[in-house]
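*Asks:* give me coordinates for this.
(chains A and B)
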Amino acid sequence: GAGVSQTPSNKVTEKGKYVELRCDPISGHTALYWYRQSLGQGPEFLIYFQGTGAADDSGLPNDRFFAVRPEGSVSTLKIQRTERGDSAVYLCASSPERTGTGELFFGEGSRLTVL
Amino acid sequence: KQEVTQIPAALSVPEGENLVLNCSFTDSAIYNLQWFRQDPGKGLTSLLLIQSSQREQTSGRLNASLDKSSGRSTLYIAASQPGDSATYLCAVRSFSGGYNKLIFGAGTRLAVHP
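*Replies:* Numbering: from 1, shown residues only, chains lettered A, B, ... in the order given. The predicted model follows:
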């Protein structure tokens, strides 16, 4: 596709459940980012991939959060034992720059609601 | 630690006005700065990217300036239209914050009424 694609667009789950959010970046983009945005706030950095490896995961809030990008393209953000505080919009972005310093292009986001 | 602040938090103006949105950052050692637009319930659309060596960038009715020494950027919107209504976010990539991540402000919510 032409842009960054994220699925699902909306996810409602119960506290304690496991959730996976998928990101399909722009073709050829080597850098991929996950951000989390709460209502009325700017996005907060979670993790950055360069190729298949997580170059910076310093934004992951705790060990319930994990992300993979096994083939250097599609990425999955995984959240275990979800809590109500995990409710937010999860945004994925990609960039063509190998240095991780280029312009970012964002997807529409996945809105997660934990009941 | 890099912190980004955007003023005002919200702005409501009549159509046709020229607007100035402000962004300030605490650590002036930045790599670049990017302005985004976000419509309600949508993702972020990149508007302008300014590298640290540049003073400004222009795209149509939008002009963004960068003053690294004072830690400020300004987004100027000329002849505002109702379609400009959205949240505008400023984000910086800095050496202290880890150059590979953007640090965002909370945004300015703009409403342009006919």
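*Asks:* what about A:H29, distance to A:L39?
*Replies:* The gap separating A:H29 from A:L39 is 28 Å, by Cβ to Cβ, to the nearest Å. Where C-beta positions appear, they are placed from N, C-alpha and C, glycine not excepted.
*Asks:* more neighbours: which of the two?
*Replies:* A count of neighbours by other Cβ atoms under 10 Å in any protein chain shown puts A:H29 above the other of A:H29 and A:L39, at 18 against 7.
*Asks:* mind listing what that one touches?
*Replies:* Applying Cβ atoms under 8 Å, 6 or more residues apart in numbering or on different chains to A:H29 gives the contacts A:S94, A:S95, A:P96, A:F105.
*Asks:* the nearest residue to it once chain neighbours are set aside - how many residues pack around it?
*Replies:* Closest residue to A:H29 apart from its sequence neighbours, by Cβ to Cβ, 6 or more residues apart in numbering or on different chains: A:S94 at 3.8 Å. Counted with other Cβ under 10 Å, residues neighbouring A:S94 total 25.
*Asks:* next one: A:S94 from chain B, what distance?
*Replies:* As for A:S94, its distance to chain B is 12 Å (criterion: Cβ to the nearest Cβ, to the nearest Å).
*Asks:* what residues does chain B put near chain A?
*Replies:* On the criterion Cβ under 8 Å from any Cβ of the partner chain, chain A has as its neighbours in chain B the residues B:4, B:31-32, B:34, B:36, B:41-46, B:49, B:89, B:91, B:93, B:98-107.
*Asks:* at 10 Å instead, please
*Replies:* B:4, B:6, B:9, B:31-32, B:34, B:36, B:38, B:41-46, B:48-49, B:51, B:87, B:89-91, B:93, B:97-107, B:109 (Cβ under 10 Å from any Cβ of the partner chain).
*Asks:* could you flag which of these are buried?
*Replies:* B:4, B:6, B:31-32, B:34, B:36, B:38, B:43-44, B:46, B:48-49, B:87, B:89-91, B:93, B:97-105, B:107, B:109 (16 or more other Cβ atoms under 10 Å in any protein chain shown).
*Asks:* do the helix or strand harbouring A:A55 and chain B meet at all?
*Replies:* For A:A55, the enclosing helix or strand under DSSP states H and E is strand A:53-56. Yes. Interface with chain B: strand A:53-56 contributes A:A55, A:D56 (Cβ under 10 Å from any Cβ).
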